[in-house]
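>>> let me see the structure of the following:
(one chain, ligands or ions: 1)
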Amino acid sequence: MKGLSFIKDHGAWEIRNGAEVNVWKDSWIPEIKTTLSKPDLIQLNDINMVNSLFNIGTKDWNHDILDLCFDSAAKNRILQIRIPSYDVDNFKWSLNKNGIFSVKSLYNSLIPADPNTNISLWSSIWSLNVYPKIKIKIFIWKCLHDILPLGGRIFVVLPSIDPTCYLCKEKVESVYHLFLECNFARVVWFSLPCGILIHSIPFQSFRDWFLNGDNMMSQWNELHFSWKDYSAFVVWFIWKARCEKLFENIDPDPIRTVSQIQQVVLFYQDKQEHSMPTSRTSNTHHQVSGGSPNLNMDHSRWIISFKCDFKSHDTNSGIGISLTNMAGICCGSRALSVSCMNQEQGSLLAALEAVKWCKSNKNSFSE
Ligand SMILES: [Zn+2]
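All right, here's what the predicted structure looks like:
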């Protein structure tokens, strides 16, 4: 019923043949949104459709009938309607530029404006710097709209299933529980290098946590990493642990999950050049992070990324090299300082170092 009244509020008829529009039930008089009540007069018994207001056989208004039906203001507005000589009555929808009704525009107008579903929510999801990009963005979008297929939701339509959390077997599985309340999730958050104690932070919901967590933790901005990117990775890997338990019966291990999160986070920190060497005083190659790549991963293909951060020919430049598997998980990284004449030479040196690094680990690679 609410939808019907919305349609009446946001649409109006353009009169052409007058045969489709009801005088008393439809919106057709310009600037009059409410329907009019039919005067209780026997002469008006047959006045129902707009064409019954015309002089017979024409599209001219019958002034006598108009006087009986409407007050002078409504009558004047009706007389201003210009009626084309062709076509049938046309319903114009005000919520679309083309005037054509659509369910989408009706839906959008019916859903109350929610500050968290506005453009800033979308932009905060789509600007996430994560990998796999689309998968995690869609996943976070589902989390924020509480539409993940979790036990608690499925139980509503399939009461035969067990809605209990697969990770702790204690409470009903929900977005809030799985990512923030579950003992497994709490251990993961706390075991991260930033050591987040969930219960020490005031938040209303998972959405509140995700969108405003950095404001709730005064120390976060000192960590030089986007809260939303970081949280997206954490939540993603908790989800993977849950799915591994559900589909492969692999017992959840918070240390393994933390390690996976850290590998990805370090990789992105490298990418953002936050871990490039700051000391440029030596001409010798200097390893500052990583080491031999961790190749005990069950993936047969690898991606080597390298970059040179050239400043000038009289100061050392930084080279970053990273190894990731096809899941986007960082399995090793190196950062060196080198002396070079220009960006091109620096890039070539970076490529050379990457090849040397691959060669020195080729036995591990081929396994
Ligand atoms: Zn749980």
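>>> mind listing the helices for the chain?
2-10, 63-69, 72-79, 103-110, 119-126, 133-144, 151-157, 175-176, 183-191, 206-216, 227-248, 254-271, 343-360, 362-366 (DSSP state H).
>>> Trp189: what's it in contact with?
Going by CB atoms under 8 Å, 6 or more residues apart in numbering, Trp189 touches Leu180, Ile196, Leu197, Ile198, Val234. C-betas here are computed from N, CA, C, even on glycine.
>>> hang on, the second one packs against Phe190?
Yes - Ile196 sits in contact with Phe190 when judged by CB atoms under 8 Å, with a separation of 6.4 Å.
>>> show me which of those two is the more surrounded one.
Ile196 (20 against 14; other CB atoms under 10 Å).
>>> grab the nearest non-local neighbour of the more buried one.
Counting by CB to CB, 6 or more residues apart in numbering, the nearest residue to Ile196 once its immediate chain neighbours are dropped is Trp189, at 4.3 Å.
>>> check the gap between the nearest residue to Asn212 once chain neighbours are set aside and the ion for me.
Spatial nearest neighbour of Asn212, excluding adjacent residues (CB to CB, 6+ apart): Phe203 at 7.1 Å. Here Phe203 is placed at a distance of 18 Å from the ion (CB to the ion, to the nearest Å).
>>> circling back to that earlier point, what's the spacing between the residue nearest to Ile196 and the ion?
From Trp189 to the ion the distance is 13 Å (CB to the ion).
>>> can you read off the pLDDT for that residue?
For Trp189, the model assigns a pLDDT of 92.
>>> quick one: it and Asn183, what's the gap?
11 Å (CB to CB, to the nearest Å).
>>> Tyr131 is in contact with Val264, isn't it?
Yes - applying CB under 8 Å, one finds Tyr131 in contact with Val264, separated by 7.3 Å.
>>> more neighbours: which of the two?
Val264 (23 against 19).
>>> could you measure from the closest residue to that one other than its chain neighbours over to Ser85?
Distances taken as CB to CB, 6+ apart put Phe233 closest to Val264, at 5.3 Å, once the chain neighbours are dropped. Look at Phe233 and Ser85: by CB to CB, they are 66 Å apart.
>>> check Gly195 too.
For Gly195, the distance to Ser85 - CB to CB - is 78 Å.
>>> hang on, the earlier thing: and Asn17, which of the helices of the chain is closest to it?
With CB to CB, the closest approach to Asn17 among the helices of the chain belongs to helix 72-79: 15.7 Å.
>>> would you map out the domains in this protein?
2-110, 115-271, 302-361 (the TED database).
>>> what is the neighbour count of Cys340?
By other CB under 10 Å, 20 other residues sit near Cys340.
>>> you'd agree it is up against Ile319?
No - counting by CB under 8 Å, Cys340 does not reach Ile319; the two are 9.1 Å apart.
>>> overlap in contacts, these two.
Residues touching both Cys340 and Ile319 (CB under 8 Å, 6+ apart): Cys308, Gly346, Leu349.
>>> what separates the closest residue to the first one other than its chain neighbours from the ion, distance-wise?
So the one you mean is Cys308. Nearest residue to Cys308 in three dimensions, chain neighbours excluded: Gly346, at 3.3 Å (CB to CB, 6+ apart). Distance from Gly346 to the ion, counting by CB to the ion: 49 Å.
>>> counting neighbours, what do you get for Cys194?
Neighbour count of Cys194, defined by other CB under 10 Å: 15.
>>> so where is the stretch 251-367 of the chain shaky, pLDDT-wise?
For the stretch 251-367 of the chain, residues meeting the criterion pLDDT under 70 lie at 269-303, 305, 307, 310-311, 320-335, 362-367.
>>> tell me which residue in it sits closest to the ion.
Pro252 (9.4 Å; CB to the ion).
>>> flag every residue of this structure that's near the ion.
Cys165, Leu167, Cys168, Cys182 (CB under 5 Å from the ion).
>>> so what's the third one up against?
If you count contacts by CB under 8 Å, 6+ apart, Cys168 has them with Cys182, Asn183, Phe184.
>>> okay then, goodbye and thanks.
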